[in-house]
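> Pasting the sequence and the predicted model now:
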Amino acid sequence: MKRIIACGRYIYIGLLAALIVIGFSSCEKEERTSERLEQSMGLYTTSASLLIGEEITIEPKFAPGVTPKRTYEWTADNPEIITMEMNENYALTITALSEGTTNLTIASTDGVLSVRCPVQVIDGTVDVNINFGSGTNASFTDGWNLLSVFLDGGEIPDLLTKKGYSTNISMTVTQRFNTSGNSGEAETDTELDMPSSVSASFFYGNSGTTMNGLTTGQSVLTLAGFDTSKAYDFYFFGSSTFAGTRSARYTVAGVNEESTELNASLNTSNVAYIPGIQPDENGEIIITVAAAEGNATAQKLYYINAMRFTAVE
């Protein structure tokens, strides 16, 4: 009986020792696993496009459950256009300062891991130039959008800023002009800084006697997609190399409405200006062009060669 008890005691002690060894082995394995260096890294944001003044945070991405053991640093190949602030978890907060592109790189200090994020900073200033005349509709040349379809439905679906960036603002002819022409003044000196190809071309309509089989009365342009929290300034240029009084009345309407007049005859330096128009609740602004009361032509010809609108800062 004593031998059996002793044998059982030895078996118990042996099992206990085995469990202790297994426990130590498991703890050692867990410790080795927790100290293992991460083998890969990505980014939650792989590229970014920001307007000047905007801010974004870019975070590194590791495998699920992995806590990074390496040390990391962020660099930029064009640091002048952004500010950079690295957080404790290696996330990077950047603020866009000026227009341009830069490549952000996060890399481990031991040189093993790195990943890059391209960033573009855009000047989001809404400053849009539009030329009216013949050519490829909705084309964009040297900072000028071209509207060449003077009939109802003529459209530029996305007007570009002077620097070529999308505005998501559309322009549509909702009441037609009579036709287009190219007998405007080629040499001009205005704040619109127009090339001769812009200042010489135009749409025109007639509020008086018939031309080309019709009288347009007035012509209407509908612009849609504006930021309703902002106001916009409008500039209009009309020009004809024919003498006389060919005055047009430009009316711009959103929440508020303003009008001004301009004589196109031999015009090389005058621009019609309407400030501070706020879009309606649908983000639309309506432009109406018609002959002014002082227009001396029998046809009551009215012209629009070019226009600009800018967001009021």
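Received the coordinates, thanks. None of the values given here were measured: they were computed from a predicted structure.
> residue boundaries of the strands in the stretch 101-250 of the chain?
114-122, 127-132, 140-141, 144-147, 155-156, 170-175, 179-181, 202-206, 218-224, 232-237, 247-253 (DSSP state E, counting those that start in this stretch).
> For stretch 115-126, which residues meet the burial criterion?
For stretch 115-126, the neighbour count (16 or more other Cβ atoms under 10 Å) marks Val115, Cys117, Val119, Val121, Ile122, Gly124, Thr125, Val126 as buried. In short, each C-beta sits where N, CA and C put it, glycine included.
> Contact partners for the fifth one?
Neighbour list for Ile122: Ser49, Leu50, Leu51, Ile52, Glu99, Tyr165 [criterion: Cβ atoms under 8 Å, 6 or more residues apart in numbering].
> May I ask which of these has the most neighbours?
Leu50 (19 neighbours; other Cβ atoms under 10 Å).
> who's in contact with that residue?
Ile56, Ile94, Ala96, Val119, Gln120, Val121, Ile122.
> doesn't it fall inside a helix?
No: Leu50: not assigned to a helix; according to DSSP: H, G, I helix; E, B strand; the rest coil it is strand.
> gap between it and Thr95?
Leu50 sits 8 Å away from Thr95, going by Cβ to Cβ, to the nearest Å.
> pLDDT added to the buried residues of stretch 115-126, as a markdown table?
Below are these laid out as a markdown table (pLDDT from 0 to 100):
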| residue | pLDDT |
| --- | --- |
| Val115 | 98 |
| Cys117 | 98 |
| Val119 | 98 |
| Val121 | 96 |
| Ile122 | 93 |
| Gly124 | 88 |
| Thr125 | 91 |
| Val126 | 94 |
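> related to what we said a few turns ago, could the strands of the stretch 101-250 of the chain go into JSON lines alongside distance to Ala311?
Compiled in JSON lines, the strands of the stretch 101-250 of the chain are given as follows (distance: least, Cβ to Cβ, whole Å):
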{"stretch": "strand 114-122", "distance to Ala311": "14"}
{"stretch": "strand 127-132", "distance to Ala311": "8"}
{"stretch": "strand 140-141", "distance to Ala311": "19"}
{"stretch": "strand 144-147", "distance to Ala311": "16"}
{"stretch": "strand 155-156", "distance to Ala311": "18"}
{"stretch": "strand 170-175", "distance to Ala311": "16"}
{"stretch": "strand 179-181", "distance to Ala311": "29"}
{"stretch": "strand 202-206", "distance to Ala311": "25"}
{"stretch": "strand 218-224", "distance to Ala311": "13"}
{"stretch": "strand 232-237", "distance to Ala311": "6"}
{"stretch": "strand 247-253", "distance to Ala311": "14"}
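> from the ones you listed, which stretch is densest packed?
strand 202-206 (a mean of 27; mean count of other Cβ atoms under 10 Å).
> what mean pLDDT would you report for that strand?
Across strand 202-206, pLDDT averages out at 98.
> in its sheet, what does it sit against?
Strand 202-206 pairs in its sheet with strand 179-181 (antiparallel), strand 301-304 (antiparallel), by DSSP bridges.
> Which SSE is immediately downstream of the last one?
It refers to strand 301-304. Going down the chain from strand 301-304, the next helix or strand is strand 306-311, by DSSP states H and E.
> Angles on the backbone of Ile169, please.
With angles defined as degrees, to the nearest 10, Ile169 sits at phi -100, psi 130.
> contacting residues around it?
Contacts of Ile169 by Cβ under 8 Å, 6+ apart are Val126, Val128, Asp158, Leu159, Leu223, Ala224, Gly225, Phe226.
> Do a quick rundown of the helices in this protein.
Applying DSSP state H to the chain gives helices spanning 2-34, 196-199.
> which of the ones you listed has the lowest average pLDDT?
When the helices of the chain are compared by mean pLDDT, helix 2-34 comes last with a mean of 45.
> That'll do, ta.
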